[in-house]
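Trainee: Give the three-dimensional model of this entry:
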Amino acid sequence: MITLNLQQLKAIKLDWGRNAGDRFTLQYMFSQRLENVGITHFAEEYIGTHGSGIYTNEGLIPQQVLPFFVFYLDFN
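Mentor: This is a model prediction of the structure:
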């Protein structure tokens, strides 16, 4: 059931900081599980912690997260 619900999503994007402790391991394992059951997703590891520079002009929020939402969200 969970797999069917995830497969209905248009897109899934994950990222994690290599130095984020246990979160790194869990995110990586979740990405592997999605791949193993054939769910298309985007996953990326970056050097740093959970919040390293994500809110700067060159950070993940303006450069990747917001454009990802603009591309995949559909309110119609």
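Trainee: I'd like the distance from the longest helix along the chain to the chain centre, please.
Mentor: When the chain is parsed with DSSP state H, its longest helix is helix 22-36. Offset of helix 22-36 from its chain centre (CA atoms, centre = their mean, to the nearest Å): 10 Å.
Trainee: And that helix, what does it pack against?
Mentor: Applying 3 or more CB pairs under 8 Å, 6 or more residues apart in numbering; DSSP states H and E, we find helix 22-36 packed against strand 13-17, strand 42-46. In short, each C-beta sits where N, CA and C put it, glycine included.
Trainee: What average pLDDT does the first one get?
Mentor: In this case it means strand 13-17. Mean per-residue pLDDT for strand 13-17: 87.
Trainee: name the helices or strands packed onto that strand?
Mentor: Looks like strand 13-17 contacts helix 22-36, strand 42-46 (3+ CB pairs under 8 Å, 6+ apart).
Trainee: Can you say which of these is nearest to A11?
Mentor: Counting by CB to CB, A11 lies closest to strand 42-46 out of these; the figure is 7.0 Å.
Trainee: on that earlier part again, the longest helix of the chain versus strand 13-17: what angle between them?
Mentor: Helix 22-36 and strand 13-17 are oriented at 150 degrees to each other (axes from the mean of the first three to the mean of the last three CA atoms, to 10 degrees).
Trainee: does T49 really touch W16, like I thought?
Mentor: No: the pair T49 / W16 is not scored as a contact, 9.6 Å apart, by CB atoms under 8 Å.
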